[in-house]
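Chemist: next one to model:
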Amino acid sequence: MRFASLGSGSRGNATVVEQGETLLLVDCGFSLRETEQRLRRLGCEPERIAALLVTHEHSDHLGGVARFARKYRLPVWMTAGTRAACRDLPPQVELFNSHTPFAVGDIEVQPYPVPHDARDPAQFVFGNGAVRLGLLTDAGSLTPHIEQQLNGCDALFLECNHDSEMLANGVYPPPLKARVGGSYGHLSNDQAAQLLGHLDLSVLQHVVAAHLSEKNNTPQLARAALGAVLGCNADEVAAADQANGIGWRELR
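Modeler: Numbers count the residues shown, from 1 in each chain. Next up, the predicted model:
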């Protein structure tokens, strides 16, 4: 199994997960043309995508979903709440319950609910029977269920949205600061590090800091927070950015 990011941040998110002949696109917050270009940058022809999975209805995750799905005639998996919140529904919607696993081709998908200010948000753990990749972004707080789902993963794509001091002293108006830093907003570097500290990391191969704010965080701060828990140099921790995402990471 392997994974990569087309881009991660408040201006657009998309992640690809590949196992065998199955290639999934998780979220699509970019325009159709931009998504195609970013896929090809990773060596992926858009026609290879088997299905599109949606975490929630915010535009930086959903904005390009309907157009991409229409052009490539893809099934789009989402929760019933996300479907109800969609203004532009793709033609083929498959519903999932955020507590019930399902499979798409060669990939096992375990969705799980997260606290975020969306209608019915979910995140995912992907597996092939041997290794597991845990995705967690767009969560305002940590829960025992999140820890349970991500425990013992072989790779983690983990939100490090903001540095708490930068957010408090930054340019955002008070209501937006309260929303971002609230229990249904986004995880800080410290919260991501706290989560790591609670997990079994014995088989961990990759950690990627994701969904970094361009105004309230820096890659260096996010890497340092995670590196301190992992006992490694900050430069050894990867960070997905808005412009380039992150290249392929293999799980063995």
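Chemist: give me the neighbour count for Lys177.
Modeler: Residue neighbour count, defined by other CB atoms under 10 Å, stands at 18 for Lys177. No exception for glycine: its C-beta is placed from N, CA and C like everyone else's.
Chemist: swap in Val180?
Modeler: Neighbour tally, Val180, other CB under 10 Å: 19.
Chemist: excluding its backbone neighbours, what's nearest it?
Modeler: With CB to CB, 6 or more residues apart in numbering as the criterion, Val180 has its nearest non-adjacent residue at 5.4 Å, and that residue is His186.
Chemist: hmm, that neighbour is touching Leu176, no?
Modeler: No - the criterion here is CB atoms under 8 Å, and His186 misses it with Leu176 at 11.2 Å.
Chemist: which one of the two has more residues nearby?
Modeler: The neighbour count for His186 versus Leu176, taken as other CB under 10 Å, is higher for His186 (27 against 13).
Chemist: could you say which helix or strand holds the more buried one?
Modeler: Using DSSP states H and E, His186 sits within no helix or strand.
Chemist: now the helices for the stretch 101-250 of the chain?
Modeler: 144-150, 164-169, 174-181, 189-198, 219-230 (DSSP state H, counting those that start in this stretch).
Chemist: mind putting those helices into a markdown table with mean pLDDT and distance to Leu89?
Modeler: Formatted as a markdown table, these follow (pLDDT from 0 to 100; distance: least, CB to CB, whole Å):
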| stretch | mean pLDDT | distance to Leu89 |
| --- | --- | --- |
| helix 144-150 | 98 | 28 |
| helix 164-169 | 98 | 34 |
| helix 174-181 | 97 | 27 |
| helix 189-198 | 98 | 33 |
| helix 219-230 | 97 | 35 |
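Chemist: quick one, what contacts Thr82?
Modeler: Going by CB atoms under 8 Å, 6 or more residues apart in numbering, Thr82 touches 54, 56-57, 62, 118-122.
Chemist: three-state assignment of the closest residue to it other than its chain neighbours?
Modeler: Closest residue in space to Thr82, ignoring its immediate chain neighbours: Glu57 at 5.1 Å, by CB to CB, 6+ apart. Look at Glu57: counting by DSSP: H, G, I helix; E, B strand; the rest coil, its state is coil.
Chemist: wait, Glu57 touches Asp88, no?
Modeler: No - here Glu57 does not reach Asp88: they are 10.4 Å apart, not a contact under CB under 8 Å.
Chemist: do you know how far Gly20 is from Phe3?
Modeler: Between Gly20 and Phe3 the distance is 14 Å, computed by CB to CB, to the nearest Å.
Chemist: so these two - more neighbours on which side?
Modeler: For Gly20 versus Phe3, neighbours defined as other CB under 10 Å are more numerous around Phe3 (23 against 10).
Chemist: Three-state assignment for the more buried one, please.
Modeler: strand.
Chemist: now do the one 3 residues further on
Modeler: The three-state label for Leu6, taken from three-state DSSP, comes out as strand.
Chemist: how near is it to His162?
Modeler: For Leu6, the distance to His162 - CB to CB - is 22 Å.
Chemist: swap in Asn169?
Modeler: 11 Å.
Chemist: and the end-to-end length of stretch 16-34?
Modeler: By CA to CA, to the nearest Å, the extent of stretch 16-34 from end to end equals 15 Å.
Chemist: just the strands from this protein, written as ranges.
Modeler: 2-7, 14-19, 22-26, 49-53, 76-78, 93-95, 102-104, 107-113, 122-127, 132-136, 155-159, 206-210, 238-239, 246-250 (DSSP state E).
Chemist: in a markdown table: those, plus distance to Arg67 and mean pLDDT.
Modeler: Output for those, formatted as a markdown table (distance: least, CB to CB, whole Å; pLDDT from 0 to 100):
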| stretch | distance to Arg67 | mean pLDDT |
| --- | --- | --- |
| strand 2-7 | 15 | 98 |
| strand 14-19 | 13 | 98 |
| strand 22-26 | 13 | 98 |
| strand 49-53 | 11 | 98 |
| strand 76-78 | 11 | 98 |
| strand 93-95 | 15 | 98 |
| strand 102-104 | 21 | 98 |
| strand 107-113 | 23 | 98 |
| strand 122-127 | 22 | 98 |
| strand 132-136 | 23 | 98 |
| strand 155-159 | 24 | 98 |
| strand 206-210 | 24 | 98 |
| strand 238-239 | 29 | 98 |
| strand 246-250 | 24 | 98 |
